[in-house]
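Peer 1: structural data only, the sequence is not supplied:
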Ligand SMILES: Cc1cc2nc3c(=O)[nH]c(=O)nc-3n(C[C@H](O)[C@H](O)[C@H](O)COP(=O)(O)OP(=O)(O)OC[C@H]3O[C@@H](n4cnc5c(N)ncnc54)[C@H](O)[C@@H]3O)c2cc1C
């Protein structure tokens, strides 16, 4: 480990933080932590600059609300079988609860749907995937057959998944997702896992990056607490933060990148968790709860649930897309009341008798995320690569928005951070090479990392 990095700090202990790191990482979410760990493992000094008062970003577990670990942000650990998060979690002793086998209790008028209706409902998802698979880069809504039974229900689930109404999401975005083989809930919370992975990473908390000057050699990072110089920089903030102009670039971002930021708008998934007194309403833990919608109009006004995840006394409801923005703006009381009413109707019981309290996540209002995750506009799947492309071989971009084929996911963010670290390493290596051959080899490494 080089220079001041010998002293490692967690939680913004300024005295122990490197003042002149090789790499500055903007944002201590999953991507920032993934990048920092990779660089540190390669002996590079890093400093992560984080605007908020904690690490983890959209991976956030807290126990204050319900007295048990509750994920306000990401909760499912999803990805390919060899996902590094899984072995890291297991090595750290986290309890992973398999969720691949979860079933969906689909309800009509407060009772489990008759088998025939459930089959039609399941078929709607198959049709959606089949139609999307055959399409290029157009809106998901545009490829669905007119009058398809349970179209609104299928679109409602998908809207929750993307945080965006299906008229505004590209089929190419959906097709680019990797089939994930692992799908776990983390009993201690996925946010706790991400924070634990970041515990030895030097992070300067409560410090906003205001500008990045990449006009000369290296980079200058202008923060709310002074300027830091480094060889390279990795930006992991969401496209929502970039679109809001939260970070000024000198020289300005190239037009293609500015366009990419606009073409990757932030969707919204709002979680509305309902705590009950132990009553299970005939439902089993770790399953899904959905219901037939009164109208087939989309976007639908609905809240579907995961029931009693990891055995907690919680039904966690999801609002997605435009409806989520509307309800979130109305406030937690309205959203909780709505979710409770929908839950009660779905289970056909007076759930209010057993209700203790609820909680609504507030990613819609968080100035450091400005939504849940990004979705590519129809026709603009290429925006993800445009956003990822480095600036002058010294400013690299990571985060869920560029985490293809696990975009929008915590694991995709982490891997994109590792990939950006790889690019930064190759770039620094190339800058330090004394011979042309060595420089050429390092440049090739950089090109490989960019295209991965
Ligand atoms: C409600 C919800 C549910 C989700 N569910 C899942 C799920 O089940 N499974 C899954 O895999 N994914 C899920 N996700 C997505 C997942 O949480 C994200 O993809 C992932 O955590 C994003 O990580 P990131 O590092 O790209 O960004 P972030 O976590 O947003 O990290 C960026 C960091 O940058 C900081 N920052 C912002 N501006 C500045 C600035 N100017 N200066 C310095 N720092 C700044 C932010 O505070 C933040 O900490 C969910 C997200 C939400 C909101």
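Peer 2: Thanks, I have it. All of these numbers come straight from a predicted model, not from anything done at the bench.
Peer 1: residue 325: neighbouring residues, count only.
Peer 2: Residue 325: 17 surrounding residues under other C-beta atoms under 10 Å. For every residue, glycine as well, the C-beta is placed using N, CA and C.
Peer 1: thought it was touching residue 268?
Peer 2: Yes - in this structure residue 325 lies within contact range of residue 268 using C-beta atoms under 8 Å: 5.3 Å.
Peer 1: find residues that contact each of these two.
Peer 2: residue 364 (C-beta atoms under 8 Å, 6 or more residues apart in numbering).
Peer 1: what residues are up against the residue nearest to residue 160 when sequence neighbours are not counted?
Peer 2: With C-beta to C-beta, 6 or more residues apart in numbering as the criterion, residue 160 has its nearest non-adjacent residue at 3.6 Å, and that residue is residue 320. Counting by C-beta under 8 Å, 6+ apart, residue 320 makes contact with 156, 159-164, 267-270.
Peer 1: mind putting those residues in JSON lines, distance to the ligand and secondary structure included?
Peer 2: Shown next, in JSON lines, are the contacts of residue 320 (distance: C-beta to the nearest ligand atom, whole Å; DSSP: H, G, I helix; E, B strand; the rest coil):
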{"residue": "156", "distance to the ligand": "16", "secondary structure": "helix"}
{"residue": "159", "distance to the ligand": "13", "secondary structure": "helix"}
{"residue": "160", "distance to the ligand": "9", "secondary structure": "helix"}
{"residue": "161", "distance to the ligand": "9", "secondary structure": "helix"}
{"residue": "162", "distance to the ligand": "11", "secondary structure": "helix"}
{"residue": "163", "distance to the ligand": "8", "secondary structure": "coil"}
{"residue": "164", "distance to the ligand": "13", "secondary structure": "coil"}
{"residue": "267", "distance to the ligand": "9", "secondary structure": "strand"}
{"residue": "268", "distance to the ligand": "8", "secondary structure": "coil"}
{"residue": "269", "distance to the ligand": "4", "secondary structure": "strand"}
{"residue": "270", "distance to the ligand": "7", "secondary structure": "strand"}
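Peer 1: ok, the residue nearest to residue 313 when sequence neighbours are not counted to the ligand distance?
Peer 2: The shortest distance from residue 313 to any non-neighbouring residue, by C-beta to C-beta, 6+ apart, is to residue 276 (5.3 Å). Distance, residue 276 to the ligand, by C-beta to the nearest ligand atom, to the nearest Å: 21 Å.
Peer 1: what score does residue 276 have for pLDDT?
Peer 2: At residue 276, the model reports a pLDDT of 98.
Peer 1: ok, it - contacts?
Peer 2: 313-315, 351, 354-356.
Peer 1: okay, buried residues for stretch 44-55 please.
Peer 2: Across stretch 44-55, burial judged by 16 or more other C-beta atoms under 10 Å covers 44-52, 54-55.
Peer 1: end to end, how far does that stretch reach?
Peer 2: Terminal residues of stretch 44-55 lie 20 Å apart, using C-alpha to C-alpha, to the nearest Å.
Peer 1: just for the protein, where's the confidence low?
Peer 2: Scanning the chain for pLDDT under 70 picks out the ranges 1-15, 432-439, 442-443, 446, 449-451.
Peer 1: domain ranges for it?
Peer 2: Annotated domains of the chain cover 3-56+198-265+374-451, 61-98+181-192, 104-180+269-360 [automatic domain parsing].
Peer 1: show me how far the first one is from its chain's centre.
Peer 2: Relative to the mean C-alpha coordinate of its chain, domain 3-56+198-265+374-451 is positioned 16 Å out (C-alpha atoms, centre = their mean, to the nearest Å).
Peer 1: could you say which of the domains of the chain is packed most deeply?
Peer 2: Highest mean neighbour count among the domains of the chain (mean count of other C-beta atoms under 10 Å): domain 3-56+198-265+374-451, with a mean of 21.
Peer 1: that one and the ligand in contact?
Peer 2: Yes - using C-beta under 6 Å from any ligand atom, domain 3-56+198-265+374-451 reaches the ligand at 26-32, 49-52, 208-209, 236-238, 241, 246-247, 399-400, 408-411, 413.
Peer 1: next step: those residues restricted to helices.
Peer 2: 30-32, 241, 410-411, 413 (DSSP state H).
Peer 1: just the element for the residue lying closest to residue 65 once chain neighbours are set aside, please.
Peer 2: Among residues not flanking residue 65 along the chain, residue 359 sits closest, at 4.9 Å (C-beta to C-beta, 6+ apart). For residue 359, the element it lies in under DSSP states H and E is strand 355-360.
Peer 1: what pairs with that strand, parallel or antiparallel?
Peer 2: strand 269-276 (antiparallel) (DSSP bridges).
Peer 1: where exactly do the strands run in the stretch 251-400 of the chain?
Peer 2: 266-267, 269-276, 287-291, 304-307, 314-320, 355-360, 373-374, 395-397 (DSSP state E, counting those that start in this stretch).
Peer 1: now these in CSV, with distance to residue 204?
Peer 2: CSV is the format used below for the strands of the stretch 251-400 of the chain (distance: least, C-beta to C-beta, whole Å):
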stretch, distance to residue 204
strand 266-267, 25
strand 269-276, 29
strand 287-291, 41
strand 304-307, 36
strand 314-320, 33
strand 355-360, 30
strand 373-374, 25
strand 395-397, 19
